[in-house]
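Colleague: give me a 3D structure for the following:
(one chain, ligands or ions: 1)
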Amino acid sequence: MSEVLLITGGASGIGAAVARIAARKGYDIAVNYRSRAREAATLVQELKATGVRAIAVQADVSRPEDIERLYDEVTERLGPLTALVNSAGILIPPTRVDEADAALLDRLFQTNVIGLILSTREAVRRMSTARGGRGGVIVNVSSMAASIGGRPGISLYASSKAAVDVFTVGLAREVAAEGIRAVAVRPGFTITDMTAEFASDPDRYAEIASTIPLGRAGNVDEIAKPIVWLLSDEASFITGSLLDISGGGFNLGGSFLRPSAAR
Ligand SMILES: NC(=O)c1ccc[n+]([C@@H]2O[C@H](COP(=O)([O-])OP(=O)(O)OC[C@H]3O[C@@H](n4cnc5c(N)ncnc54)[C@H](OP(=O)(O)O)[C@@H]3O)[C@@H](O)[C@H]2O)c1
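Modeller: Take a look at the predicted model:
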């Protein structure tokens, strides 16, 4: 029976890199997307060309009813799910708490925390050996920002990712006896659409890169390869762990706030 992997937010960035690498390992893949229908369709064609089964499924993980539909469709079209990468996430415009907007905070937590938890709920319902499933592996994409609250301007986003971390640790303990492993990865600054605004400005990029011990941003393959390894049996004794993939974490300095907003 094949390994079936669902990647939320899989049409771009880290999620799409996971899809490409996992397809080369033989996983059948469901690419969830919110708005990127064309990118998802192109990726699915590319994955199919490697010989695996692949589908694209639209669903907004901030909408609980979409999540249930997503899992029903994946199970119906690809069979029992055995692997999940929760990569869907948003970064709100960098702000200090004194400028925080309630509606944006609601969207942030609805997507990064509640959406991820409800996605995990659906996966556990299908993977748990206690519920007739085959077991499985769940990798949640957190962020290095969760470790120290991120650079100035990122504390709100960081707090959503800290929730992902502690949820993952507790989840792993709850489902360990039911054939499910759960791990969170904490990428550092990685070049994707999410960070394009900072990476495309040479001065801002240099400032941020100077705070990373390895002296540069990561690329998506450097995040995706460890994720796919965590999904594999080579990582069979790893659960409840938080893996930093961050070029060494943070040195002091660096800010996501625009110079005028930094105080
Ligand atoms: N890049 C970094 O430096 C970095 C560092 C640490 C952690 N991360 C985390 O890594 C994960 C992937 O981000 P990325 O860097 O690869 O950026 P990305 O290319 O922007 O990927 C995020 C994906 O999530 C999707 N998404 C957002 N809201 C969604 C929703 N409600 N429902 C379904 N899909 C949704 C986006 O699709 P739409 O555009 O259609 O909304 C997008 O495809 C995120 O959880 C992010 O927080 C990134």
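Colleague: alpha carbons only for contacts and neighbour counts from here, please
Modeller: Fine.
Colleague: the residue nearest the centre of the chain and the ligand: what is the separation?
Modeller: The centre of the chain sits closest to Ser87, judged by Cα atoms, centre = their mean, with a distance of 2.2 Å. Note on Ser87: its distance to the ligand, by Cα to the nearest ligand atom, to the nearest Å, is 4 Å.
Colleague: same question for Ala56.
Modeller: Taking Cα to the nearest ligand atom, one finds Ala56 at 12 Å from the ligand.
Colleague: please apply the same query to Gly13.
Modeller: 3 Å.
Colleague: show me which residues of the stretch 51-200 of the chain sit near the ligand.
Modeller: Counting by Cα under 6 Å from any ligand atom, the stretch 51-200 of the chain comes close to the ligand at 59-62, 87-90, 111, 141-143, 187-195.
Colleague: hmm, Gly9 and the residue nearest to the centre of the chain touching each other?
Modeller: Yes: Ser87 is within contact range of Gly9, at 5.4 Å (criterion: Cα atoms under 8 Å).
Colleague: next one: stretch 35-49 to chain centre, how far?
Modeller: Between the centre of stretch 35-49 and the centre of its host chain there is 18 Å, according to Cα atoms, centre = their mean, to the nearest Å.
Colleague: residues touching the residue nearest to the centre of the chain, list them.
Modeller: Ile7, Thr8, Gly9, Gly10, Ile14, Gly15, Asn140, Val141 (Cα atoms under 8 Å, 6 or more residues apart in numbering).
Colleague: how does it look with 6 Å?
Modeller: Thr8, Gly9, Gly15, Val141 (Cα atoms under 6 Å, 6 or more residues apart in numbering).
Colleague: can you get me a residue count around Asn251?
Modeller: 12 (other Cα atoms under 10 Å).
Colleague: run through the neighbouring helices and strands of the longest strand anywhere in the chain.
Modeller: Ranked by residue count and defined by DSSP state E, the top strand of the chain is strand 180-187. Applying 3 or more Cα pairs under 6 Å, 6 or more residues apart in numbering; DSSP states H and E, one finds that strand 180-187 contacts strand 136-141, strand 242-245.
Colleague: make a markdown table out of the ones you listed and add mean neighbour count and mean pLDDT.
Modeller: Compiled in a markdown table, the helices and strands packed on strand 180-187 are given as follows (neighbours: other Cα atoms under 10 Å; pLDDT from 0 to 100):
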| stretch | mean neighbour count | mean pLDDT |
| --- | --- | --- |
| strand 136-141 | 27 | 99 |
| strand 242-245 | 20 | 98 |
